[in-house]
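*Asks:* With the sequence up front, the predicted model follows.
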Amino acid sequence: MGQPICLEDLVGVVNEVVQDTKVTDVHTHLYDPVFGDLLLWGFEELITYHYLIAETMRWVDLPYERYWQMSKAEQAKLIWETLFVQNSPYSEACRGVLTTLQRLGLDVARRDFESYQEYFRGRSLTEYVDQVFALANIKYAVMTNDPFNEAERKVWLETVATGEAELDERFRAALRLDVLLNSWDVAWPRLQGWGYGVTEKLDDATISEVQRFLQEWIKIMEPVYMAVSLPYDFKLPEDSPRAKLIEACVLPVSREMNVPFAPMVGVRRQINPHLQDAGDGVGKMDIGSIEYLCSNFPKNKFVVTLLSRENQHELAVFARKFRNLLPFGCWWFLNNPSLIHEITSMRLELLGTSTILQHSDARVLDQLIYKWDHSRDIIAAVLVEKYADLMATGWVLTEDEIRRDVEKLMGENLWDFLRREL
Ligand code: RAT
Ligand code: ZN
């Protein structure tokens, strides 16, 4: 056992460990550079993040269509003027842009839009990936990989599966099933077009062909899990194509191939379609559907994140009951300092170290920097409170023990969950 830590050193040690620990970012929308333009990066992408589009549209007197007709540079300028010049940029998404620029060594005090654009011109992407991974201290970033996306599919089939290019091992795949599970009417004709013997009716032949589709893509992508974003009114059991596909196709394959199923629940898709990606909302789900999955499929593994704040306590309580359930992250509208603080404290109190505290959801490479910078500060602050409470009982702690805990909480628990026998 190493040296015990004294109370005066606690803040310093915890902060150092949290900053030093390399994370597995279990959910992002980033891509290995091999996927070309699918990987977004640079100042204009950073500032036109859909979180910022939603905030800008609250101020500007501009028809939505006009915004979408603008060039990326014009959109970026509009967002900059509206949110950073005419207002103080303290929303989390605005602050994130500034943290990122600052950590890249740019001077935000100058408010020099053109110099931020200029910084990225002509940069080598591979070098920039290294720089961002180093600044954010990331070990692995789990992507979101959609086999129904033509551009992405092409790269998997023609470049990765053929061995023409190898994936950078820092990027891990997640097989995303939104089209298959949420739009069966769209999915089955496409599966048919790719040579799978499916029909609209979910009979035995179709079920086994959908299983084959999943097995084949698991072999190609080697995903860490199979994910789907589900609406707040998602229900199981239920008489619907989605419920049938989950129970008859996804769960058996997930179990056999040890690729957990990751329902991400609570979206109200497109409550304002004019905002495109920024147009989704949130709703509370019935946690009974998660209970149904965990208790009826005890040999299956579930990695779960829920969007509504109101569902967070229930999710942590359910994770106490089901060891096949691993809750992760403060997703999307929850990825704000006050909520991360609240949810992180509650999870540590109910689950100890057996959860994954955060993921970035980064859509733009550069966002890894701020999302992890901001989350790390909060995680460290909450952990200091928790360790101080422990020390107040007379418990003795070492730095190695803190490091062990933090590694688990910042992603190691995912790899451990995959190794487990249920
Ligand atoms: O956080 C986001 O950027 C959302 O638009 C979604 O991508 C969400 O995270 C998802 O994975 O569906
Ligand atoms: Zn996401």
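*Replies:* Looks like it came in fine. Ligands and ions are numbered 1, 2, ... in the order given.
*Asks:* near ligand 1, which residues of the stretch 251-400 of the chain show up?
*Replies:* 277, 332, 361, 363 (Cβ under 6 Å from any ligand atom). Every residue, glycine included, has its C-beta placed from N, CA and C.
*Asks:* Throw these into CSV and include neighbour count and secondary structure, thanks.
*Replies:* Formatted as CSV, these follow (neighbours: other Cβ atoms under 10 Å; DSSP: H, G, I helix; E, B strand; the rest coil):
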residue, neighbour count, secondary structure
Asp277, 12, helix
Trp332, 18, helix
Asp361, 23, coil
Arg363, 18, coil
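*Asks:* possible to save those as TSV with pLDDT?
*Replies:* Below are those laid out as TSV (pLDDT from 0 to 100):
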residue	pLDDT
Asp277	96
Trp332	98
Asp361	98
Arg363	98
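*Asks:* how about those residues, which pair is most distant?
*Replies:* Asp277 and Asp361 (12.2 Å; Cβ to Cβ).
*Asks:* Show me which strand runs longest in the protein.
*Replies:* strand 261-268 (DSSP state E).
*Asks:* In which helix or strand does the residue nearest to Val108 when sequence neighbours are not counted reside?
*Replies:* Excluding the flanking residues, the one nearest Val108 by Cβ to Cβ, 6 or more residues apart in numbering is Leu98, at 4.9 Å. Assigned by DSSP states H and E, Leu98 belongs to helix 92-103.
*Asks:* Could I get the contacting residues of the one residue in the stretch 151-300 of the chain that gets nearest to ligand 1?
*Replies:* Residue of the stretch 151-300 of the chain nearest ligand 1, by Cβ to the nearest ligand atom: Ser229 (3.8 Å). Contacts for Ser229 (Cβ atoms under 8 Å, 6 or more residues apart in numbering) come out as 178, 182, 264-265, 267.
*Asks:* The same query, at a cut-off of 6 Å, please.
*Replies:* Residues in contact with Ser229, defined by Cβ atoms under 6 Å, 6 or more residues apart in numbering, are 178, 264, 267.
*Asks:* Could you single out the nearest of those residues to Trp395?
*Replies:* Distances from Trp395 to these, taken by Cβ to Cβ, are shortest for Met264, at 36.1 Å.
*Asks:* quick one: the closest one and Thr305 touch, right?
*Replies:* Yes. With contact defined as Cβ atoms under 6 Å, Met264 reaches Thr305; the gap is 5.1 Å.
*Asks:* More neighbours: those two, which one.
*Replies:* Neighbour totals were compared for Met264 and Thr305, and Thr305 leads with 27 against 23 (other Cβ atoms under 10 Å).
*Asks:* Next up, the contacts around the more buried one.
*Replies:* By Cβ under 6 Å, 6+ apart, the neighbours of Thr305 are 264, 328-329, 331.
*Asks:* can you rerun that using 8 Å?
*Replies:* The contact partners of Thr305, taken as Cβ under 8 Å, 6+ apart, are 27, 262, 264-265, 327-329, 331, 359.
*Asks:* what would these look like in a markdown table with distance to Pro89 and pLDDT?
*Replies:* As requested, the contacts of Thr305 are exported to a markdown table (distance: Cβ to Cβ, whole Å; pLDDT from 0 to 100):
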| residue | distance to Pro89 | pLDDT |
| --- | --- | --- |
| His27 | 25 | 99 |
| Ala262 | 33 | 99 |
| Met264 | 28 | 99 |
| Val265 | 31 | 98 |
| Pro327 | 31 | 98 |
| Phe328 | 29 | 98 |
| Gly329 | 24 | 98 |
| Trp331 | 23 | 98 |
| His359 | 24 | 98 |
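*Asks:* in what helix or strand does Trp217 lie?
*Replies:* helix 204-221.
*Asks:* other SSEs contacting that helix?
*Replies:* When contacts are defined as 3 or more Cβ pairs under 8 Å, 6 or more residues apart in numbering; DSSP states H and E, helix 204-221 packs onto strand 175-176, helix 184-193, helix 251-257.
*Asks:* Tell me, how many residues neighbour Glu401?
*Replies:* For Glu401, the count of nearby residues is 15 (other Cβ under 10 Å).
*Asks:* Please state the backbone phi and psi of it?
*Replies:* phi -70, psi -40 (degrees, to the nearest 10).
*Asks:* coming back round to it: my guess is the residue nearest to Val108 contacts Pro89, does it?
*Replies:* Yes. Counting by Cβ atoms under 8 Å, Leu98 touches Pro89, with 6.4 Å between them.
*Asks:* right, and Leu230 touches Val265 too?
*Replies:* Yes. Between Leu230 and Val265 a contact is recorded at 4.4 Å, counting by Cβ under 8 Å.
*Asks:* list the residues that contact both of those two?
*Replies:* Common neighbours of Leu230 and Val265 (criterion: Cβ under 8 Å, 6+ apart): Met285.
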